[in-house]
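[1] Please find the sequence and the predicted model below.
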Amino acid sequence: MSLRVEILRFALRRLFKRPARHNSDIAAVRQHTEGFKRFIPNPPRGTIVTRVNGLGIPAVRVATPKSRDDHHTLYLHGGGYVFGSCSHYRDFLWRIANATCSRVLCIDYRLAPEHPFPAAVDDAVAAYRWLLAQGADPHRISFMGDSAGGGLNLATLLRLRDEGTALPAAAVAMSPWTDLTLTGDSMRRFAEADPMLSPEMANAYARWYLADADPRDPYASPLFGDLKGLPPTLIQVGSDEILLDDCTRMADRLRAAGCRVELEIWPRVPHVWQLFARILPEARQAVERIGTFVDAETSGGGTQACVARSSA
């Protein structure tokens, strides 16, 4: 673990764990997170960012010189289902495009409380079907998401499977929120240690997202779903996140359902540390690992395999 991780943990605690950060004022929550955008660098020269029309929801497609035209990643951003956008990820999506040698489609799915569950799932399903309608091969598609987007990733797979749609070849979930009942013991165990998240925040976001829905609905909390038939999945999580048990229990349930799953627990890194690849060596290593996993599942080891990696 690098010294930079400890410095980042200190900074994140000051930014996210101050009193009343999880208050009931959604406008204040969004204003706080929107302020971070001015510190996010633009992608490097050579990155092509295209606004996507015809989806019915705002979306961007990100490609780098390493992106293969026939390989796709559908990315679902985090933010507790109540804030966040693709623009928060402009220094990250190009890294995923590089690591996976794919074109990355990121959608601004509708947010709660204005658009409660299942609006986000509906939008993610529509985005995947749009990819298929454009001629994308499911064997060359991966699903990816972080935090709430990681849980949405898995929930969307359940919905697509239940509706008989061909599933993508692989899924990657970074610190996924899979249990909106908040029953994981790590919610209590790491309530103080987690430098970013708190049970109070999670409870507020879950209320806003669920409205009157059952928190055990598998399309909201995929932990409680029948997971048979889901694609190979990589889960990455930090060792003292409040969402640790969301990840470990999800991995256990995937294995029990006969699915292939790889669980990586990284020591001391903060929630969704992968987004800090510009400053953290651990984040760059995690992104490279994601690329290796996705490439193995979408390329089949053939001549089109993505061999170039970026750690910039």
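    Arrived safely, thanks for sending.

[2] can you list contacts of the lengthiest helix in the chain?
    Looking across the chain with DSSP state H, the single longest helix is helix 281-299. Residues outside helix 281-299 that contact it (CB atoms under 8 Å, 6 or more residues apart in numbering): 1-2, 4-5, 71, 73, 95-96, 98-102, 139-142, 144, 169-170, 172, 174, 231-232, 234, 236, 262, 264, 266, 269, 273-277, 305-306, 309, 311. In this view, the C-beta of every residue, glycine as well, is placed from N, C-alpha and C.

[3] buried subset of those residues?
    For the contacts of helix 281-299, a burial check counting by 16 or more other CB atoms under 10 Å picks out 5, 71, 73, 95-96, 98-102, 139-142, 144, 169-170, 172, 174, 231-232, 234, 236, 264, 266, 269, 273-277, 306, 309.

[4] Tell me which of those fall in helices.
    Val5, Arg95, Ile96, Asn98, Ala99, Thr100.

[5] Count the neighbours of His88 for me.
    The local packing of His88 (other CB atoms under 10 Å) involves 20 other residues.

[6] How about Gln134?
    11.

[7] show me what contacts it?
    Here Gln134 is in contact with no residue (CB under 8 Å, 6+ apart).

[8] start at 15 instead
    Renumbered: residue one is now 15, and that last one reads Gln148.

[9] how far away is it from Phe204?
    According to CB to CB, to the nearest Å, Gln148 stands 42 Å off from Phe204.

[10] Please apply the same query to Pro281.
    Separation of Pro281 from Phe204 (CB to CB): 13 Å.

[11] neighbour count winner among the two?
    Applying other CB under 10 Å to Pro281 and Phe204 shows that Phe204 carries more neighbours, namely 22 against 10.

[12] list the contacts for Ala141?
    With contact taken as CB under 8 Å, 6+ apart, Ala141 is in contact with Leu69, Ile71, Ala73, Leu88, Leu119, Ile121, Tyr123.

[13] Out of these, list just those in strands.
    Ala73, Leu88, Leu119, Ile121 (DSSP state E).

[14] Widest-spaced pair of those residues?
    For the ones in strands among the contacts of Ala141, the maximum inter-member distance is 9.7 Å, found between Ala73 and Leu88 (CB to CB).
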